[in-house]
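Engineer: Structure for this input, please:
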Amino acid sequence: MVRRTRIIRHAALAAATLLVSAGLGSAAFAASPADPNPDAERLSAYWTAARLTAAVPDEERGGAGPSARGDTTTVDGPRPGEFIPPSSSFDGIPQAGTFFWTDDSGTGRTCSGSVVRSPGHDLVLSAGHCLKGYAGASPRRHLAFVPQYHDGLKPFGVFPVRDNGVYVPQEYYDRGEHAGAAYDFGFAVTEPNEEGEPLEDATGAVELLTGTGYAHTPVRMIGYPGGAQKPLECLSRTTKWVSDDPADPGTFSRITCDGFVGGTSGGPMLVPWHGEWGVVGVIGGYHTGGNTPQVSYSAYFGDATRALYEAAAVGAPPAGPGSS
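Structural biologist: Okay, here's the model as predicted:
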């Protein structure tokens, strides 16, 4: 059930009835309920509780094993004796959720994301390796974002990803997920949900923070692990990490948190920001976010991240494979 919009819609209709009965007419009541979105209704009908709970992480592929987020092995994990903060499952927050789509075989797939504040109230931040396959017109693979997904529920409804609404850096397409690891972030532009409500209006949003450095304390990391029906959260800190792998060059934010396995890619690294949350990274980059469940990495959020956000916010033509 799309819980809040229906309450607002019923209140709006009741208010309109009172105004008309008072002789004020429809001109005095400027606000009107949004029109339903048939694309979202179709996606919501497709993504039943059974299909949602059966979906698996996009990263479960050969070479990495079910507990890793990449298919490369180097020095990528906890240091000897390093404290690893525990994670715990919970029902999530409205500003974080999961992308769902189907692959070529029809298998449901997932990746994590977070709602970022934007002029259009419609942007989701995730990892570039989660989104790069959806450049251009979205293939008919039932691609949608479900905020605060848990236990087969869609508490705010389903938000389709627009055609030509996926923004991943051109450098990431050109260099690939390893040589381009420092650009492993992306944005998706969404359509309204079944009730016609824009994403940010339904859930609120976190603030995209760029150029803030590598060291942050405390950091709240959230992600949706494969096979689980609730997200994980963990409190830790980020530090600067210079890649030790020439195949995955760059400087990244590093964070220790236990249990962040496949499916958590794209999940946000959140910091307190003016009484709300700001996002300083996502799980993605340096072996696509980390090869072990105890240590995660993010591409640094700097000028390239801000430029990509601005392109998505104004609807500029997105990059794509071979478009440079």
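
Engineer: Could you use CA atoms for every contact and neighbour count after this?
Structural biologist: OK.

Engineer: Below-threshold pLDDT in the protein: ranges please.
Structural biologist: 1-33, 59-75, 135-140, 323-324 (pLDDT under 70).

Engineer: can we see that at 50?
Structural biologist: 1, 3-31, 60-73 (pLDDT under 50).

Engineer: residue closest to the middle of it?
Structural biologist: G113 (1.1 Å; CA atoms, centre = their mean).

Engineer: does that residue sit in a helix, a strand or a coil?
Structural biologist: Three-state assignment for G113 (DSSP: H, G, I helix; E, B strand; the rest coil): strand.

Engineer: Give the bridge partners for it, please.
Structural biologist: G97 (DSSP bridges).

Engineer: Could you check how far it is from P218?
Structural biologist: Distance of G113 to P218, given as CA to CA, to the nearest Å: 20 Å.

Engineer: Pull whatever helix or strand Y297 lives in out as PDB, backbone CA atoms only.
Structural biologist: Taking DSSP states H and E as the definition, Y297 sits inside strand 295-299. This file holds the C-alpha atoms of strand 295-299, laid out as PDB (Å, rounded to 0.1, in the frame of the first residue of the first chain):
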ATOM      1  CA  VAL A 295      35.400  -3.900   4.400                       C
ATOM      2  CA  SER A 296      33.700  -1.600   1.900                       C
ATOM      3  CA  TYR A 297      34.900   1.100  -0.400                       C
ATOM      4  CA  SER A 298      33.400   4.100  -2.200                       C
ATOM      5  CA  ALA A 299      34.700   6.100  -5.100                       C
END
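
Engineer: please renumber so the chain begins at 42
Structural biologist: Okay, using 42 as the starting number, the last item reads as strand 336-340.

Engineer: The stretch 42-191 of the chain: strands as residue ranges?
Structural biologist: 97-98, 129-130, 137-143, 149-157, 164-167, 185-188 (DSSP state E, counting those that start in this stretch).

Engineer: Tell me which of those lies nearest to P287.
Structural biologist: strand 164-167 (24.5 Å; CA to CA).

Engineer: now the strands for the stretch 192-341 of the chain?
Structural biologist: 200-208, 227-231, 248-249, 257-264, 273-283, 292-297, 309-314, 317-323, 336-340.

Engineer: So which of those strands is the most surrounded?
Structural biologist: For the strands of the stretch 192-341 of the chain, average neighbour numbers computed from mean count of other CA atoms under 10 Å are highest in strand 336-340, which has a mean of 29.
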